[in-house]
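>>> got a structure for you, letters missing:
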């Protein structure tokens, strides 16, 4: 399973960005998003509503002790950071290392504590330019999944879209 | 040139998401981000500061009449929407159509006016699941650039990162 660990969530300011992180995690193949920060109940609830409607197995949850969680995680740990090694150089190694193991993808907000760089097996950059943890996560999961994650099916969906050249084709059960 | 047109920006609520959209546009090869909505001066300024420090040619700007701008745009118009056709099926056609032409990539917020679907040449979905316009934009530009956009150089940078396995290697002129 892929878990996304979202560090540095701040109530209020980060609600929308963190929600986007969780929804991207779900859409691109992760099984859960653990949010380090207080007052993220609103996000956990809104993501649960998305899962209930759109299907699949995914949950967002609060993680009160991310240091312990990160240290004790059994599997491959990847930290996405603009300071890291290019994703295009490292993705094959990450894919190989993660085969048959759980994968933790750590994404931060503005300032990530230094220990995260040391605790993770890979520090990976999606460009060394400043942009967005949402975008970095999306491109990383897309590269990890070799594009196959785009075709994922979500079991038990009550809402379903049929792709359309123009307009909207949406079905609700 | 690639222009990203960000629709539905709302002051306050959307400042961070729209800023992420603009920075992703820059990092992944677009030349400008036109923001439809009021009170986006703060974003335009903060993006200008990023460009001054990190280099390259890019600007965010306000677009007061997006309907006219969209209608009169000379080039290929792509709308990213969860209702559209799969990016993995359409990207080759978009790449071909955009060769030698300007490209407009339209991204919306929650509700995009119906006319956008008709006005654009392609309605493209990065999965038909709900997630994030930031992520959809990132994966679309990444697919459009066939990954080469990840190696882009930004001329005139005063701040530069050298990729690092651990920690931060940042140079400021």
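Right, received. Where do you want to start? Owing to the predicted nature of the structure, the values given are computational and were not obtained by experimental measurement.
>>> hang on, isn't residue A:143 packed against residue A:87?
Yes: with contacts counted by Cβ atoms under 8 Å, residue A:143 reaches residue A:87, the gap being 5.8 Å. C-betas here are computed from N, CA, C, even on glycine.
>>> for chain A, longest strand please?
As assigned by DSSP state E, the longest strand anywhere in chain A is strand A:76-86.
>>> Just checking the distance from that strand to the centre of its chain.
13 Å (Cα atoms, centre = their mean, to the nearest Å).
>>> Is any residue of stretch A:104-116 near chain B?
Yes: judged by Cβ under 8 Å from any Cβ of the partner chain, stretch A:104-116 comes into contact with chain B at residue A:114.
>>> Name the surrounding residues that touch that stretch.
A:2-10, A:14, A:17, A:21, A:30, A:67, A:70, A:73, A:75-81, A:120, A:133, A:136-137, A:140-141, B:167 (Cβ atoms under 8 Å, 6 or more residues apart in numbering or on different chains).
>>> mind listing what's buried in the longest strand of chain A?
Using 16 or more other Cβ atoms under 10 Å in any protein chain shown as the test for burial, strand A:76-86 gives A:76-85.
>>> Filtering these by proximity to chain B, which remain?
A:82-85.
>>> circling back: got the angle for the next helix or strand after the longest strand of chain A vs strand A:76-86?
Reading on from strand A:76-86 to the C-terminus, the next helix or strand found by DSSP states H and E is helix A:87-98. Here helix A:87-98 points in a direction 160 degrees away from that of strand A:76-86 (axes from the mean of the first three to the mean of the last three Cα atoms, to 10 degrees).
>>> Look up the residues forming beta bridges with residue A:123.
Legend: beta-bridge partners of residue A:123 under DSSP bridges are residue A:79.
>>> Do I have it right that it meets residue B:164?
Yes: with contact defined as Cβ under 8 Å, residue A:123 and residue B:164 form a contacting pair (7.0 Å).
>>> overlap in contacts of the two?
Common neighbours of residue A:123 and residue B:164 (Cβ under 8 Å, 6+ apart) are A:83-85.
>>> so which of the residues you listed would you say is closest to residue B:46?
Nearest to residue B:46, judged by Cβ to Cβ, of those is residue A:83 at 20.7 Å.
>>> Thanks a lot, catch you later.
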